[in-house]
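>>> model the structure of this input:
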Amino acid sequence: MEKANRHVIVEANNSLFVDGNVEDVDEFFAIDYAVHVTGRTINGGHKIVRAVVGELRKSFPDLTVNVEILVEGQDRVAWQRTFRGTHKSKFKGFPPSDRAVEWRDMVTSRFVDGRITEEWVITDLAEQLLLSRKKGV
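Below you'll find the model as predicted:
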């Protein structure tokens with residue numbers, strides 16, 4: 001029995017980001033996965049997912065995620081996740097602040113054969129990292 005797309009999203013976030021089970025990427029994402037962020041498309045397949053998960057877990061080792069499903073259609077789910085974690089190591093040019101950071105991602109995921117094949121992501125992580133640095137000044 002195939003899982004509902006919304007359940008795949010919740011399980012993927014918990015398994016990858018919280019538990020760090022990067023070997024589960026194959027279970028949740030299509031081999032030709034692509035992500036659209038800030039006006040560009042990254043065609044990285046499983047490699048890009050593993051890289052993002054690894055970078056976030058390294059920089060925020062106590063990472064937690066809460067997923068909210070907003071709208072589910074036939075082959076797409078629009079959803080939001082809230083990440084929380086302590087910024088312990090350099091991330092995308094931001095030095096570690098050792099402060100708790102909370103940010104949100106708005107995502108639309110498209111599914112093919114029960115796997116996420118394409119996503120559109122908007123995040124406020126950079127803004128929250130800037131705010132965290134200003135609080136430390």
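>>> use CA for all of it now, contacts and neighbours both
Will do.
>>> for the chain, which strand is longest?
In terms of residue count, the longest strand belonging to the chain (DSSP state E) is strand 100-112.
>>> for it, packing partners?
Contacting strand 100-112 under the criterion 3 or more CA pairs under 8 Å, 6 or more residues apart in numbering; DSSP states H and E are the following elements: strand 76-86, strand 115-123, helix 125-135.
>>> pairing partners for that strand, with directions?
Strand 100-112 has its sheet partners listed here by DSSP bridges as strand 76-86 (antiparallel), strand 115-123 (antiparallel).
>>> make CSV out of those and add distance to K134.
Converted to CSV, the strands paired with strand 100-112 look like this (distance: least, CA to CA, whole Å):
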stretch, distance to K134
strand 76-86, 16
strand 115-123, 19
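>>> redo those strands as a markdown table? Include distance to D32, mean pLDDT and mean neighbour count.
Supplementary listing: the strands paired with strand 100-112 in a markdown table, determined by distance: least, CA to CA, whole Å; pLDDT from 0 to 100; neighbours: other CA atoms under 10 Å:
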| stretch | distance to D32 | mean pLDDT | mean neighbour count |
| --- | --- | --- | --- |
| strand 76-86 | 17 | 97 | 18 |
| strand 115-123 | 7 | 97 | 19 |
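>>> who wins for proximity to V49 among those?
Relative to V49, the nearest member of the strands paired with strand 100-112 by CA to CA is strand 115-123, separated by 11.0 Å.
>>> what's D113 sitting at in phi/psi?
Geometry field for D113 lists phi and psi as phi 50, psi 40, criterion degrees, to the nearest 10.
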